[in-house]
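# Any chance you can model this:
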Amino acid sequence: MAEFVTFEKLDGVAIVTIDNPPLNVMSKQVALELGNIFHELSADEEVVTVLLTGAGEKAFMAGADIKEFPNLMKNPDMKASIMQSHAILNAIDQFEKPTIAVLNGMTFGGGCELALTCDLRIAEEHTLIGLPEIKLGLFPGGGGTQRLPRLIGEAKAKQLMFTGEPITANKAEQIGLVNEVVPTGEGVSYGLKVARQISRHSLQALSRIKKAVDEGVEMPLEAGIEREAELFTEVFQTEDIREGVTAFIEKRKPVFTHK
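Take a look at the predicted model:
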């Protein structure tokens, strides 16, 4: 039974909520529970899209649990422990279904890095986003130095990490860190609306869009085009493509089974 992370399912969408008061920090237990839940949702045929948020209105996640740092500093095999955390974040990043992070308050440090593993980010207008690790004499160690520059560019990412100063939700939207900003208190309802819109489509196609983009951005253009062609060939072997084409010809809405 999960203690800090729970989920509910609505119309093909799983809403995953981090509830570790007061600020939903990323403890080892929270990370473990996140990993377990995403593993469970991966195999859940009822779920097409996952929405990730934090409980309350103060924080999506205000960073790592600093109280765990002294033990980490004493760990003779510290890198192995760090890589275990990376394995969980990588699994969320590589999750085959679309993911949406709803940022409903402070999104600092590890919280920002967790949000970066999701495909889309929706921020409530009171949200502040930042990577303040430099103020503790360290730097982002949950993939921030790698995922953030890929999303917003090297110079902007370095500025956020060098200064440690947070930015507003509106500024984050301007630089491409979040997709949309919504009024405070409306993040989950808006995110659910977007997630339901996505979940109406075929998971066979959605998962291949995600693969084509995620793998392709790391390749030269020609190699990316070839990978797209491979995935495009695969999707034509699915039941959903036959349903989609038949529905179009018959002038009706398709009923996808995600097979």
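# Give me the buried positions along the helix or strand bottoming out on mean pLDDT in the chain.
Counting by mean pLDDT, DSSP states H and E, the weakest-scoring helix or strand in the chain turns out to be helix 69-74, with a mean of 79. For helix 69-74, a neighbour-count test (16 or more other C-beta atoms under 10 Å) marks nothing as buried. Where C-beta positions appear, they are placed from N, C-alpha and C, glycine not excepted.
# Show me where the stretch 101-250 of the chain has its helices.
Secondary structure of the stretch 101-250 of the chain (DSSP state H, counting those that start in this stretch): helices located at 110-116, 144-152, 154-163, 169-174, 187-199, 203-216, 221-235, 239-249.
# Please identify the deepest-packed of the ones you listed.
Across the helices of the stretch 101-250 of the chain, the average number of neighbours (mean count of other C-beta atoms under 10 Å) peaks for helix 110-116, which reaches a mean of 28.
# for the residue lying closest to His201 once chain neighbours are set aside, what are its contacts?
Nearest non-adjacent residue to His201, counting by C-beta to C-beta, 6 or more residues apart in numbering: Phe256, 6.9 Å away. Residues in contact with Phe256, defined by C-beta atoms under 8 Å, 6 or more residues apart in numbering, are Arg200, His201, Ser202, Leu203, Gln204, Asp240, Glu243, Gly244.
# okay if I get these as a markdown table plus distance to Tyr190?
As requested, the contacts of Phe256 are exported to a markdown table (distance: C-beta to C-beta, whole Å):
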| residue | distance to Tyr190 |
| --- | --- |
| Arg200 | 17 |
| His201 | 19 |
| Ser202 | 23 |
| Leu203 | 22 |
| Gln204 | 26 |
| Asp240 | 27 |
| Glu243 | 29 |
| Gly244 | 27 |
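# now, among those, which is nearest to Lys28?
Comparing those against Lys28 with C-beta to C-beta places Leu203 closest, at 31.4 Å.
# And the closest one, how far from Val188?
In this view, Leu203 and Val188 are 22 Å apart by C-beta to C-beta, to the nearest Å.
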